[in-house]
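*Asks:* Build me a model from this:
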Amino acid sequence: MTSSTAPGPGTAHAVPGPAGRSGGERAARRRWPELLLALGVVAIGVVTILDGVSQPASTSASGLGAGQFPIVVGTLTVVLGVLLVVQILRGRLGHPDAAEGDVDTTRLRWRQLALAAAALVLFALTVDVLGYPIAAALAFIGVAVATGAKRWLLTIAIAVVLSLGVFYLFTLLLRIPLPAGILTGVL
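*Replies:* Predicted structure coming up:
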């Protein structure tokens, strides 16, 4: 009588797949993008903590300053990122949802990723000069194009409405000034 033990999570099988690769090779190829994303989450948390630490000290009676919230959020982000890294290294990878259908989740689309990243970097570099409404609208359009937006007029209209809406929400209602840039005096 032989007993077979079912492999646990993260155990790679040496069964050839459709492309002649073993299950372990497929898992290793699929692991690195998830690991890269998890390390990106850790990096975002670290940058957020550093930003919080660089904020001026509080002068309020409560002792809570502008940097307290970013430090808390950054710390939680680092912890979650580290937990993701540990899970991925243990072999517990995410699986595509059924809703993803025929989308190939095994290939990283570098062009789309680069365009979305460039849009975010452009926003960071131009928000002070162009102002929040213009920089945010351009970033929205860039990310929308990267994710496959085809209806240009609708995309531009949504970008303008959202960026102006957020600008006025912060500036007028919350009294947190966002940079108007070249639109100073117009908005």
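
*Asks:* and L93, how many neighbours?
*Replies:* With neighbours defined by other CB atoms under 10 Å, the count for L93 comes to 15. Every residue, glycine included, has its C-beta placed from N, CA and C.

*Asks:* should've said L154
*Replies:* By other CB under 10 Å, neighbour count at L154 equals 11.

*Asks:* same deal with A38?
*Replies:* A38, neighbours per other CB under 10 Å, totals 20.

*Asks:* i'd like the first residue to be 32 from this point on
*Replies:* Fine by me, first position is 32 from now on; the one you just mentioned is A69.

*Asks:* from what I can see it touches I119, true?
*Replies:* Yes - between A69 and I119 there is a contact under CB atoms under 8 Å: 5.7 Å.

*Asks:* Once you drop chain neighbours, what's closest to L169?
*Replies:* The shortest distance from L169 to any non-neighbouring residue, by CB to CB, 6 or more residues apart in numbering, is to L153 (6.4 Å).

*Asks:* That neighbour: neighbour count?
*Replies:* Residues lying near L153 (other CB under 10 Å) number 15.

*Asks:* Give me the domain ranges for the chain.
*Replies:* The chain resolves into domains spanning 54-129, 139-218 when parsed by automatic domain parsing.

*Asks:* In terms of mean pLDDT, which of those ranks lowest?
*Replies:* Ranked by mean pLDDT, the domains of the chain bottom out at domain 54-129, which scores a mean of 82.

*Asks:* Run the chain-centre distance for that one.
*Replies:* Between the centre of domain 54-129 and the centre of its chain there are 10 Å (CA atoms, centre = their mean, to the nearest Å).

*Asks:* Sounds good, over and out.
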